[in-house]
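# sequence unavailable; structure follows:
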């Protein structure tokens, strides 16, 4: 946790396909103070976008969310996460294929782990996922590698609201 200007801010880290789209989704969530895109969950130190896209570093493209728990709690962020992507697609989201696009919650403490596991079970039991298995990983957060600057707020910089063309 961070203490900033009389606010205790917390971090949450999610992988849900290409980080450009999920970053905008979280940035537009009330109570989110900041977002950064980057890489987590791999074995290579200081990976580049090209390294991660090659699929051999083990990293996922992620968004690290800094939030004010007085305005939005982790459970609410999890609801945004589950609704923003298809957690039944293994190592892909839409046209993006590879382990770097996997569905993953990187938890920063036991409370986040328990909430992520509980919401995953609840979503799995919902009619929406009847007959489809949620494959989202729930693993401890490790080193976050900040993506190259041109990836930060990528869609906003280009005046785009979404990655979708249709």
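Here it is on my side, so go on. Since the structure is predicted, the reported quantities are computational estimates derived from the model, not experimental observations.
# is residue 111 in contact with residue 74, as I believe?
Yes: using C-beta atoms under 8 Å, residue 111 is in contact with residue 74, at 7.3 Å. The C-beta positions use only the backbone N, C-alpha and C, and glycine is treated the same way.
# neighbour count for those two, which is higher?
More crowded of residue 111 and residue 74, by other C-beta atoms under 10 Å: residue 74, with 22 against 12.
# surely that one and residue 11 touch.
No: the pair residue 74 / residue 11 is not scored as a contact, 9.9 Å apart, by C-beta under 8 Å.
# mutual contacts of those two, please.
residue 67 (C-beta atoms under 8 Å, 6 or more residues apart in numbering).
# mind listing what's buried along the biggest helix by length in the chain?
When the chain is scanned for its longest helix (criterion: DSSP state H), the result is helix 110-124. For helix 110-124, a neighbour-count test (16 or more other C-beta atoms under 10 Å) marks 112-113, 115-116, 119-120, 123-124 as buried.
# between the residues you listed, which is nearest residue 105?
residue 116 (4.3 Å; C-beta to C-beta).
# how far away is the closest one from residue 140?
Computed as C-beta to C-beta, to the nearest Å, the residue 116 to residue 140 distance reads 11 Å.
# shared neighbours of these two, which are they?
Joint contacts of residue 116 and residue 140 (C-beta under 8 Å, 6+ apart) are residue 107.
# who touches the closest residue to residue 51 other than its chain neighbours in this structure?
Spatial nearest neighbour of residue 51, chain neighbours left out: residue 57 (5.1 Å); criterion: C-beta to C-beta, 6 or more residues apart in numbering. Contacts for residue 57 (C-beta under 8 Å, 6+ apart) come out as 39, 42-44, 47, 51, 100.
# grab the two from these that are most spread out in space.
Taking C-beta to C-beta, no two of these sit farther apart than 43 and 100, at 12.9 Å.
# these two: who's more crowded?
A direct count of neighbours by other C-beta under 10 Å for residue 43 and residue 100 places residue 100 higher, at 29 against 10.
# can you verify my assumption that the more buried one contacts residue 60?
Yes: using C-beta under 8 Å as the test, residue 100 is close enough to residue 60 to be in contact (5.7 Å).
# please identify every residue contacting each of those two.
What both residue 100 and residue 60 touch, as defined by C-beta under 8 Å, 6+ apart, is the set residue 39.
# helices along this protein, start to end?
19-27, 49-53, 74-84, 110-124, 154-157.
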